[in-house]
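Student: Pasted the sequence and its predicted model underneath.
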Amino acid sequence: MTTLEEHLNGIDEGIKSIILNAAEKSKEIQKGFFTHNKLAGSQNVYGEDQLELDKWADYLILDAMEQSKIVKTVASEEQSEIIEIVKSEGEFGVVVDPLDGVSCVKTNLAVGTILGIFDEGNVLEKGNKMDAAMYILYGPQTSLVYSAKDGVHEFVLDSKGNFILRVEDLKFPESGTIFGSGGLRTDWTKKHLDFIEELEKQNYKTRFSGSFTADFQQILSYGGLFSYPSTKKMPEGKLRLLFECNPLSFIAKYAGGASTDGKQSILEIKPEKISHRTPIYIGGKKEINLAEKMLR
Ligand code: FBP
């Protein structure tokens with residue numbers, strides 16, 4: 001059985017260290033579901049109520065990045081400003097959603113931690129400047145998926161606390177069976193509605209849990225597409241470019257898939273600010289090509 005540490009041998013030592021540090025802390029985040037699951041009485045910069053778990057996960061990941069000694073800047077969904085790690089001896093930049101899908105915690109659905117890694121500190125760069133990305137999915141099992149541009153690989157936490165390789169070089173199925181789309185149907189644009197109805201005509205079933213990380217994992221497994229589109233109420237969409245869309249778009253790319261905001265690749269979008277939101281379509285190439293054709 002191959003462990004995460006063994007699998008990371010051969011990639012950049014700095015990226016390996018960051019992935020291992022985050023993986024180690026994810027075990028404490030997972031324990032936090034039992035001890036830190038009340039409302040924290042505060043809101044993040046997006047006006048969303050924070051769970052103690054949001055802040056606990058954010059603290060743990062920031063601590064992991066400091067402990068790595070090579071991360072210089074961190075942008076976190078739970079922080080209003082980019083964090084400079086003064087004592088850092090390195091130049092890496094990290095973007096992180098410490099707990100994605102937080103509304104699913106109280107219903108015991110799978111939620112995730114999403115990380116993107118830049119080998120140079122500027123975290124306000126396009127996603128195609130990223131050097132690695134990963135996510136941890138806290139579900140019936142705790143799994144970890146990463147890519148450092150050489151394929152996408154999935155690990156599962158075993159009873160001894162080791163992440164063990166489950167699938168190497170994960171790829172989207174050529175043609176999928178499911179789609180997920182956020183937002184109210186009555187708020188969708190006509191082009192988006194026409195696209196969704198075309199998928200339904202092609203027998204795609206709807207799967208949408210409220211947790212982007214979990215929904216992405218389903219799309220990666222069964223094939224298809226996830227979207228949180230531009231809506232009449234939120235023309236810029238809901239999901240954040242830096243913390244959610246770019247890292248998962250990076251992974252989608254190296255799993256043979258793609259992502260778009262309807263007009264251009266997500267990875268080509270230059271972030272204007274850390275809270276930059278974007279509409280997103282992400283999944284297999286076949287489904288993304290259809291989306292771009294119908295949304296043009
Ligand atoms: P958080 O990062 O604040 O949890 O928000 C992101 C998210 O939970 C995604 O994981 C999910 O796809 C989406 O919001 C669900 O939005 P909605 O509650 O509008 O369906």
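Tutor: The structure has been received and is ready for your questions. Keep in mind it's a predicted model, so treat the numbers as computed, not measured.

Student: SS state for I282?
Tutor: State at I282, reduced to three classes by DSSP: H, G, I helix; E, B strand; the rest coil: strand.

Student: Not counting residues beside it along the chain, what's closest to it?
Tutor: Once flanking residues are discounted, I282 sits nearest to S259: 3.9 Å by CB to CB, 6 or more residues apart in numbering. Where you see a C-beta, it was placed from the backbone N, CA and C, and this is true even at glycine.

Student: ditto for K270
Tutor: Nearest non-adjacent residue to K270, counting by CB to CB, 6+ apart: K126, 5.5 Å away.

Student: what's around E198, how many residues?
Tutor: E198 has 14 neighbours, counted by other CB atoms under 10 Å.

Student: quick one: contacts for the residue nearest to it when sequence neighbours are not counted?
Tutor: Among residues not flanking E198 along the chain, M294 sits closest, at 6.5 Å (CB to CB, 6+ apart). Residues near M294 by CB atoms under 8 Å, 6 or more residues apart in numbering: 191, 194-195, 198.

Student: L239 too?
Tutor: Listed by CB under 8 Å, 6+ apart, the contact set of L239 reads 182, 212, 228, 245, 277-278, 280.

Student: Quick check: phi and psi at it.
Tutor: Per-residue torsions, L239: phi -80, psi 150 (degrees, to the nearest 10).

Student: how close does it sit to G101?
Tutor: 11 Å (CB to CB, to the nearest Å).

Student: So for those two, which residues contact both of them?
Tutor: Contacts common to L239 and G101, judged by CB under 8 Å, 6+ apart, are F212.

Student: To what extent is the residue in the stretch 151-296 of the chain positioned nearest to the ligand buried, counted in neighbours?
Tutor: Per CB to the nearest ligand atom, F212 is where the stretch 151-296 of the chain lies closest to the ligand, at 3.4 Å. Neighbour count of F212, defined by other CB under 10 Å: 28.
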